[in-house]
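Asks: Here you go, sequence then predicted model.
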Amino acid sequence: MFTRLTSLPGRDLLSLAELTREEFNGLLDSALEIKEAFKRGHRPPVLAGKTLAMIFEKQSLRTRSTFDIAMYQMGGHSILLSQNYIGWGVRETIKDVAHNLERWVEGVMARTYGHATLTELAEHADVPVINGLSDLFHPCQLLADYLTIKEVFGTLEGLKITFVGDGNNVCNTHIEAAAHAKTELAIACPEGFEPDAKVLAQARACGASVTIMRDPRAAVRGADVLYTDVWISMGQEEEAERRRLAFAGYTITPEWFSDLSPQGIFMHDLPAHYGEECVEEAVYHQRSRVFEQAENRLHAQKAVLYQLLGG
Ligand code: CP
Ligand code: NVA
């Protein structure tokens, strides 16, 4: 068995703001405990007999694979339901889907376009609902990322994190993570591509240190972490040309890395659109921790599943 966070069983995870600072840090500690145990070969079947339903309205490699593998490695099982299979909101209501699933499974992970779809699912399902990415947030990604940052630097508080790019779901979640971890977040984005104003205001009200900048090269100076994500998120394909023009000058190359702090690292949640937010050499550079992030999706989500579905 692993250390149990007593406030989490049965809870949803739709955004990091729903967690207290202690729960956020507790999930990172739990991920590390579970990661180390599994690496040592200690693999107790803590989710034996439990099933996770995974619903995808959008494509996925990492989220789909790591939730599936996490359930399997902890003795449980997952079922994959794409929007093509279930046709929620078309074939039947989200409410009806929720009241069916809760009779069969111990948890639901969903990747949706609208965040409201997730909140509706969570409102009706009597089992934990986990956000596997919505247009507003990507909490599981940032748990894995902060686990990675903590492993590299040994601490989080006071680290300078610079996000260069679109104020999208990943950027919004960075803001929430910064509020919990007391990191100093700088966001460099073109005018009109800022993060969600409400998310920013709420995080600042909780003491988050977040600065919005227009000059990406200036934002990178002295940063411990340089983080980027695609300019054209899933569902924004029709805006592709307008976005490519707006983000001119935002393509990260390894040359930028000399402006980082001496131990500074490069991160990207993937998939990457090479030639847009970064070049391929950045992802494969020795400063890059991109594939550690991808690995840590597995470990962080094991902690989420253990704490929410366990008990
Ligand atoms: N980073 C991430 O969520 O990857 P997928 O879209 O492949 O799941
Ligand atoms: N912002 C990206 C993240 C993909 C993991 C998107 O929503 O497509």
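Replies: Great, that's in hand. Ligands and ions are numbered 1, 2, ... in the order given.
Asks: neighbours around the residue of the stretch 51-200 of the chain found nearest ligand 2, how many?
Replies: Using C-beta to the nearest ligand atom, the single residue of the stretch 51-200 of the chain nearest to ligand 2 is Asn168, 4.5 Å away. Where you see a C-beta, it was placed from the backbone N, CA and C, and this is true even at glycine. Burial of Asn168 is recorded as 24 neighbouring residues (other C-beta atoms under 10 Å).
Asks: for Pro254, same thing?
Replies: 17.
Asks: thinking it is in contact with Gln286, fair?
Replies: No - using C-beta atoms under 8 Å, Pro254 is not in contact with Gln286, being 9.2 Å away.
Asks: got the residue ranges for the helices in the stretch 51-200 of the chain?
Replies: 62-73, 83-86, 94-104, 115-124, 139-153, 169-181, 197-205 (DSSP state H, counting those that start in this stretch).
Asks: Quick one: residues contacting the nearest residue to Val279 once chain neighbours are set aside.
Replies: Among residues not flanking Val279 along the chain, Thr253 sits closest, at 5.2 Å (C-beta to C-beta, 6 or more residues apart in numbering). Applying C-beta atoms under 8 Å, 6 or more residues apart in numbering to Thr253 gives the contacts 278-279, 281-282.
Asks: any idea how far ligand 2 is from Val290?
Replies: Counting by C-beta to the nearest ligand atom, to the nearest Å, the gap from Val290 to ligand 2 is 12 Å.
Asks: Setting aside sequence neighbours, what's the nearest residue to Leu143?
Replies: In space, Leu143 is closest to Ala300, 4.1 Å off (C-beta to C-beta, 6+ apart).
Asks: can you count the residues close to the one you found?
Replies: 30.
Asks: what does the one 10 residues further on give?
Replies: Residue neighbour count, defined by other C-beta under 10 Å, stands at 20 for Gly310.
Asks: now swap in Ala31 and tell me
Replies: Ala31: 27 surrounding residues under other C-beta under 10 Å.
Asks: quick one: is stretch 156-164 near ligand 2?
Replies: No - interface with ligand 2: stretch 156-164 contributes nothing (C-beta under 6 Å from any ligand atom), its closest point being 11.5 Å away.
Asks: what comes up buried for that stretch?
Replies: For stretch 156-164, a neighbour-count test (16 or more other C-beta atoms under 10 Å) marks 156, 159-164 as buried.
Asks: for stretch 245-255, same thing?
Replies: Neighbour counts over stretch 245-255 (16+ other C-beta under 10 Å) mark 246-247, 250-252, 254 as buried.
Asks: And stretch 92-102, by the same measure?
Replies: Neighbour-count burial for stretch 92-102 [16+ other C-beta under 10 Å]: 94, 97-98, 101-102.
Asks: Between the residues you listed, which sits nearest Phe291?
Replies: The nearest member of the buried residues of stretch 92-102 to Phe291, counting by C-beta to C-beta, is Leu101 at 33.0 Å.
Asks: now the strands: where do they sit in the protein?
Replies: 51-56, 77-82, 107-111, 129-131, 160-164, 184-188, 209-213, 225-228, 265-268 (DSSP state E).
Asks: contacting residues around the second one?
Replies: Contact partners of strand 77-82, identified using C-beta under 8 Å, 6+ apart, comprise 50-57, 64, 67-68, 71-72, 105.
Asks: cool, the shortest one as well?
Replies: In this structure, residues lying in contact with strand 129-131 by C-beta under 8 Å, 6+ apart are 12-15, 107-110, 115, 118, 121-122, 137-140, 304-305, 308.
Asks: let's see it at 6 Å
Replies: Strand 129-131 is contacted from outside by 12-14, 108-109, 118, 121-122, 137, 139, using C-beta atoms under 6 Å, 6 or more residues apart in numbering.
Asks: of all the residues you listed, which two lie farthest apart?
Replies: The largest separation in the contacts of strand 129-131, counting by C-beta to C-beta, is between Val108 and Phe137 at 16.1 Å.
Asks: on that earlier part again, need the contacts of Thr253 in JSON lines with neighbour count, pLDDT and distance to Leu260, can you?
Replies: Output for these, formatted as JSON lines (neighbours: other C-beta atoms under 10 Å; pLDDT from 0 to 100; distance: C-beta to C-beta, whole Å):
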{"residue": "Cys278", "neighbour count": "28", "pLDDT": "98", "distance to Leu260": "14"}
{"residue": "Val279", "neighbour count": "17", "pLDDT": "98", "distance to Leu260": "16"}
{"residue": "Glu281", "neighbour count": "13", "pLDDT": "98", "distance to Leu260": "15"}
{"residue": "Ala282", "neighbour count": "24", "pLDDT": "98", "distance to Leu260": "12"}
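Asks: Before I go, just wanted to say thanks for your time.
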